[in-house]
Structures are given as structure tokens and as C-alpha cells.
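# test case, fold it:
(one chain, ligands or ions: 2)
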Amino acid sequence: MIENQWYAIAPEKIVPPGKMTGLKRLGKELLIFQTTDKQWGCIEDLCSHRGVRLSVGKLKDDGCVECPFHGLRFDASGTCTRIPANGINAPVDDRYRVRSYAIRVQYGIIYVFYGDKEKAVGEVPFFTDFLDESFVYSEIADTWETHYSRAIENQLDVVHLPFVHHNTIGRGNKTLVHGPKTVVIEDTIITSADNEVDQGQKQRKPQECEINPDLQLRFKYPNLWINIIAKKVKVFVYFAPVDDEQVILYLRFYHKVTPFKMINRLIAYFGKYANLVIERQDKRVVVTQRPKRTQLRMGEKLIQGDQPIVVYRKLREELIAASKGNG
Ligand code: FES
Ligand SMILES: [Fe+2]
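Ligands and ions are numbered 1, 2, ... in the order given. So this is what the prediction gives:
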């Protein structure tokens, strides 16, 4: 993971008010809970007493999680607030604390801050310039047995289109890959495909290409991607790392093609399945890539068309070096 980043890890709807759920993300066993008054908490899913999973316990009315074994309670800061066996008036030593994580819930997504809680300031990442309340969306999840870096790189790869997607979005045998031009604006990589049917013409360099304003891919660190297909149609994916070997892709199909939200909802519902077909074409190939986790210098023999992937690797490595994470 890259340290000190807000990662989008799961949809908000998996934890309704008054409920909690244990899930593995970012290489950690996490317990996410939401009190009835909509206060969110994220703590390590492991009781400090004798190692029971807190997720099989209960969320109590005081907003604390109670371990099912001997009843120790923990609040959202990870502080142990009571040890019943010692008596309700006995002070609780700080050593019973469990690890806690900063959590935010926005845009229907649960974000967890991987790193120092004190540094969990600023906005959570999202494509606010492109997605607003006028759109409707429908979401679907798919688990890939690979490191999240491979899944992200695939979504920045314009070279694979006529091969992996020869009968869907890559129809037309446009195997010649011009550029692609790739630009970076703050924490966002922008690129767009400029592929053509090969009739022997010369491949253009990235600097001879343009970003297509109406059809482009954007990636925002650490794990968000958007395909801007048209003004009224976008595909958005967040790549929730489970651990170094597994990632869950949450795919949203956004659009506003008619003025009627009810109709748009129906279209979005079916639209996400069309996108899932394309995503499964990717998955079949990408999960075979070895090693699963990518690095800037890993001995792969890259080509000009891999430019967006090189940019992704470079920036990720810089962020890791600056944060001392492990990628
Ligand atoms: S193991 Fe959790 S209270 Fe004992
Ligand atoms: Fe693809």
C-alpha cells in the first residue's frame, strides 16, 4: 500500500446504521461499524484480550463494539472502555487499546486512511468534476486474484483493446497505437487511445498526439479510475485492495441519457452488466500476469504504448518512497 492515502475500500451500503461488518482490506482485518446515529468507526478486527474477532460480537447502544468472549468494549478510537470481569467501575489501562483507522463515507463509498491518523486531513479522492447528483449509477463488484497495481494498469492500457476486446469495445482491428499522450495533473493521470487500423503508416510519438476531450481515461491515486465515454456516460471503478494477491473492483455505470431518473436507473442497472462483460475479458488475461505486483523496475520489456503504465508506476513509486509504504 501507499501510506497516508485515503483508499476507497467498499460501498457504503454494506454497513447500514446500527450494524458492523468485518472485512479484509489493505492487507488488514478491519471491523467497520456505523452507530444508529450515523457515526462511523474502523478498528482492527481482533480483540486485544485473547484474540477473538470483534466482528462476531455486538455493536452496543453506547456506540462501542463488545467482544463476544468476555465482553471487553472498544470505541471508534480503539480505546477499551470496559472490562466487565474487573467490575464496571475499574479503570481500564490503555494497553488494551486496539488499532483504529480514520474512516470517511462519501459518494456512497467507505474510505479508510492507510497511515497515520493525524495525517488523515483533506478531501477524500473522487471525480467531482465529472460525476454529480444529476447522474444515476448502478454498481457491481468483481474479485480479481491479483495485486491491485495490475488491475489499475490494465485500465490505463490502450494497447490491449483490439486483442482482449476484439469483439466488444476493441472491434475494428485498430492495432496501431499512436502515442498515447499521457499527462499528469496533481494526483491524476490522463490519457486517451489514438489507435488506428495499420496500413503501414508510421506510429506517432506521444508528443504528436492529443488527449481526446470527449473520450479519455483518468486515474486518481491511490485507487480510482474513470472512463469518460461521453458527456452523459461514464464508467467509474474503484480498486479495493484486499491484500497483495487480491483486489475487488467496484464498477459503477453512470449516466444521464434521458431526463427521467427512473428510466435512467433502469438503463444503469443493465448498463453495468454490459460493462461487466468487458471487465471479465480483462480479468481472464490480467490475473495470469506474473509477478502479481508491479514495480517501476521489474524487468518487463515495455513498448511505447505502455507510456501511461510507466507514468503510473513512476508516480506510485514516488508516493511510496515519500511515505515509506510498501506499494
Ligand atoms: S477475547 Fe475478547 S474479551 Fe476476551
Ligand atoms: Fe480492457
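# report the contact partners of the closest residue to residue 25 other than its chain neighbours.
The shortest distance from residue 25 to any non-neighbouring residue, by Cβ to Cβ, 6 or more residues apart in numbering, is to residue 9 (4.4 Å). C-beta here means a position set from N, CA and C on the backbone, and glycine is covered the same way. Applying Cβ atoms under 8 Å, 6 or more residues apart in numbering, we find residue 9 in contact with 23, 25, 26, 30, 109, 110, 111, 112, 240.
# quick check: phi and psi on the fifth one?
This means residue 109. phi -120, psi 140 (degrees, to the nearest 10).
# for the first one, same thing?
Backbone torsions of residue 23, given as degrees, to the nearest 10, read phi -150, psi 150.
# could you do the last one as well?
As for residue 240, its main-chain torsions (degrees, to the nearest 10) stand at phi -90, psi 110.
# 18 is where my numbering starts, stick with that
Done: numbering now begins at 18, and the last item shifts to residue 257.
# domain-wise, how is the chain divided?
Using automatic domain parsing, the domain parsing of the chain gives 22-136, 153-340.
# now the contacts of residue 26 as JSON lines including distance to ligand 1, pLDDT and neighbour count?
Formatted as JSON lines, these follow (distance: Cβ to the nearest ligand atom, whole Å; pLDDT from 0 to 100; neighbours: other Cβ atoms under 10 Å):
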{"residue": "40", "distance to ligand 1": "19", "pLDDT": "98", "neighbour count": "19"}
{"residue": "42", "distance to ligand 1": "22", "pLDDT": "98", "neighbour count": "24"}
{"residue": "43", "distance to ligand 1": "23", "pLDDT": "98", "neighbour count": "19"}
{"residue": "47", "distance to ligand 1": "17", "pLDDT": "98", "neighbour count": "25"}
{"residue": "126", "distance to ligand 1": "30", "pLDDT": "98", "neighbour count": "23"}
{"residue": "127", "distance to ligand 1": "25", "pLDDT": "98", "neighbour count": "27"}
{"residue": "128", "distance to ligand 1": "28", "pLDDT": "98", "neighbour count": "27"}
{"residue": "129", "distance to ligand 1": "23", "pLDDT": "98", "neighbour count": "25"}
{"residue": "257", "distance to ligand 1": "28", "pLDDT": "98", "neighbour count": "25"}
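# where does the stretch 218-344 of the chain dip in pLDDT?
Within the stretch 218-344 of the chain, the set of residues satisfying pLDDT under 70 comprises 342-344.
# which residue is the nearest non-sequential neighbour of whatever residue of the stretch 218-344 of the chain ends up closest to ligand 1?
Nearest to ligand 1, among the residues of the stretch 218-344 of the chain, is residue 260, at 24.2 Å (Cβ to the nearest ligand atom). Sequence neighbours aside, residue 44 is the residue nearest to residue 260 in space, at 4.6 Å (criterion: Cβ to Cβ, 6+ apart).
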